[in-house]
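1. Model the following, please.
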Amino acid sequence: MSDAPLLRNTGTTRDRSPSDLGEVLGLEAAIGLNVRRLRQQTSLSVAEMASKAGLSKAMLSKIENAQISCSLTTLALLARAFDVPVTALLRGAETERQASFVKAGSGARIVREGTREGHEYELLGSLRGEHKRLESLQVTLTEQSETYPLFQHPGTEFIFMLEGVMSYGHGREVYRLEPGDSLQFDGEGAHGPVELEGLPIRFLSVIAFPEV
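-> Numbers count the residues shown, from 1 in each chain. Okay, the predicted model is just below:
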């Protein structure tokens, strides 16, 4: 099995072995390991690197051996000495990261404003990050209706068609969506199904709500 690419915050990918998932360290241990590796790459002794960073030899030794917690000021001095971002000194540290796992068919059924008979919404996941909330839905449309709800909400929505065919309106535009098609739009614009051409219809809806 090939290594799965993981998305960086910068939007690029890197290869990471599945075994790496278990290689998480406490903060002090991660900093110590990274500092020692960077120092060894420069071929400098503990005393030489300590002098370059403006730290005592004893302090740097304690950092490398995870015997002390670094202040932000100390991390900044080390990062400047190594000419790396501060985040490079934190790689491998164990941090709490949220995830939402939903078994097939077990997502909570929710009712959205304007929901009609034959329109089913299954919540696949919802996470509140540092700056926004992300909500993922599987929408199933099984019955025709003379009128369809139009939604408006803050944030950005992404739709990916799984099954069926429908015309979907956003603002003044109408898009014909078939399996494999996707649509991303500003949620503040009125949007919703205009015509259901092939039932049943299933699509994924992912909404990124802004910070409130």
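2. and the longest strand along the chain, which residues are buried?
-> Counting residues, the longest strand found in the chain (DSSP state E) is strand 191-209. Buried residues in strand 191-209, counted by 16 or more other CB atoms under 10 Å: 191-194, 196, 201-203, 205-209. Bear in mind the C-beta positions are built from the backbone N, C-alpha and C, glycine included.
3. Which single one of the residues you listed is nearest to Glu120?
-> Glu120 lies nearest to Arg202 out of the buried residues of strand 191-209, by CB to CB, at 9.3 Å.
4. Show me the beta-bridge partners of the closest one.
-> Beta-bridge partners recorded for Arg202 (DSSP bridges): Thr140, Glu163.
5. residues touching it, list them.
-> Residues in contact with Arg202, defined by CB atoms under 8 Å, 6 or more residues apart in numbering, are 138-141, 161-164.
6. Please produce a ChimeraX select command covering the buried subset of those residues.
-> Selection command for ChimeraX covering only the buried members of these, criterion 16+ other CB under 10 Å:
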select :138,139,140,141,161,164
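7. Could you dump the contacts of Arg202 into a markdown table with distance to Gly171 and pLDDT added?
-> Formatted as a markdown table, the contacts of Arg202 follow (distance: CB to CB, whole Å; pLDDT from 0 to 100):
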| residue | distance to Gly171 | pLDDT |
| --- | --- | --- |
| Gln138 | 24 | 90 |
| Val139 | 20 | 91 |
| Thr140 | 25 | 90 |
| Leu141 | 21 | 90 |
| Met161 | 19 | 93 |
| Leu162 | 24 | 95 |
| Glu163 | 25 | 95 |
| Gly164 | 23 | 95 |
